[in-house]
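Peer 1: Here is my input; please provide its structure:
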Amino acid sequence: METLYLLIETEVGRLDEVLKRLKAVPSVTEVEAVTGPFDLIVKVQAPHINAALDTVIHRIRKVPGIKST
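Peer 2: Alright, predicted model coming up:
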């Protein structure tokens with residue numbers, strides 16, 4: 001099992017919406033709000049590193065309200 005941690009900056013006022021959408025993404029096992037330059041930390045687990053990266057590129061980065069990862 002491969003694990004990735006991803007730091008995410010959200011658009012102003014969209015934190016709750018993004019958090020809820022991320023929790024629904026397969027392979028996302030945890031989503032927590034943080035303080036500082038980023039708004040969320042996301043834990044992604046998948047059987048292989050390629051599957052985890054695919055989740056980041058094709059699912060997480062397409063969530064509306066994400067400013068940067």
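Peer 1: which regions of this protein lie under the pLDDT threshold?
Peer 2: Applying pLDDT under 70 to the chain flags no residue at all.
Peer 1: Tell me which residue is most central in it.
Peer 2: The chain has residue 42 as the residue nearest its centroid, 4.5 Å off, counting by C-alpha atoms, centre = their mean.
Peer 1: what about the longest strand in the chain?
Peer 2: Longest strand in the chain by number of residues (criterion: DSSP state E): strand 2-10.
Peer 1: Give the buried residues for it.
Peer 2: Within strand 2-10, the residues that count as buried by 16 or more other C-beta atoms under 10 Å are 4, 6, 8, 10. Using the backbone N, CA and C atoms, a C-beta is placed for each residue, glycine as well.
Peer 1: now the nearest residue to the third one once chain neighbours are set aside: how far from residue 63?
Peer 2: So that's residue 8. Counting by C-beta to C-beta, 6 or more residues apart in numbering, residue 8 lies nearest to residue 40, which is 4.3 Å off, once chain neighbours are set aside. Distance of residue 40 to residue 63, given as C-beta to C-beta, to the nearest Å: 10 Å.
Peer 1: anything in contact with each of the two?
Peer 2: Residues touching both residue 40 and residue 63 by C-beta atoms under 8 Å, 6 or more residues apart in numbering: 18, 22.
Peer 1: For the residue nearest to residue 1 when sequence neighbours are not counted, grab the count of nearby residues.
Peer 2: Of all residues not flanking residue 1 in the chain, residue 45 sits nearest, at 5.7 Å (C-beta to C-beta, 6+ apart). Using other C-beta atoms under 10 Å, residue 45 has 15 other residues around it.
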